[in-house]
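Participant: build the 3D model from these lines:
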Amino acid sequence: MTIELALLVFNALFCLAFPWVYNWSYGKQVGGKRLLGNRDNLPERQGLAARGLRAHQNHLENLVPFAIIVLVAHAIGISNTVTVACAVVFTLARIAHAGFYVAGITRVPGINGVRSIAYFVSLFATLAFVSQLFGS
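Facilitator: Purely as a prediction, here's the structure:
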């Protein structure tokens, strides 16, 4: 298995972990037994439950194009230092993005918009990766 595929699998597993965080938090908000039913007429998610759901949606929106690119690269036999670096950067940026989002962190000392910066780093890594598909 290539490093790119291994990181894709990691990102998929990371994606599966999100609901554990935000549903646990939402269960504490509304009572766990209410989540066992069909979930009609539940109140809006607040705090960690809402941020976790949005972080999960954002990760899915970014994971799908990344997965397609990684799988196409694998299918046509492209794996090089650029694709590996892009997969690593994408993964680290997505972890940072999720951490900032779930924790509600929008700035660190001296840097505003850290969540947006993490998003753009992952986007640029994806675009740099796709450039390798057309370079051969």
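Participant: contacts, neighbours, all on C-alpha from now
Facilitator: OK.
Participant: for the most centrally placed residue in the chain, give its distance to G99.
Facilitator: With distances taken as CA atoms, centre = their mean, H59 lies nearest the centre of the chain, 3.0 Å away. Taking CA to CA, to the nearest Å as the measure, H59 falls 11 Å from G99.
Participant: what's the answer for T2, then?
Facilitator: With CA to CA as the criterion, T2 and G99 are 26 Å apart.
Participant: looking at those two, which one has more neighbours?
Facilitator: Neighbour count, other CA atoms under 10 Å: between T2 and G99, G99 has more, with 15 against 11.
Participant: distance check, the more buried one against F18.
Facilitator: 11 Å.
Participant: again, but for A12
Facilitator: Distance of A12 to F18, computed by CA to CA: 10 Å.
Participant: between the two, which one's more packed in?
Facilitator: F18 (20 against 16).
Participant: doesn't the more buried one fall inside a helix?
Facilitator: Yes - applying DSSP: H, G, I helix; E, B strand; the rest coil, one finds F18 inside a helix.
Participant: and the gap between the spatially closest residue to it that is not a sequence neighbour and M1?
Facilitator: Distance criterion CA to CA, 6 or more residues apart in numbering; nearest residue to F18, sequence neighbours excluded, is H56 at 5.8 Å. Look at H56 and M1: by CA to CA, they are 26 Å apart.
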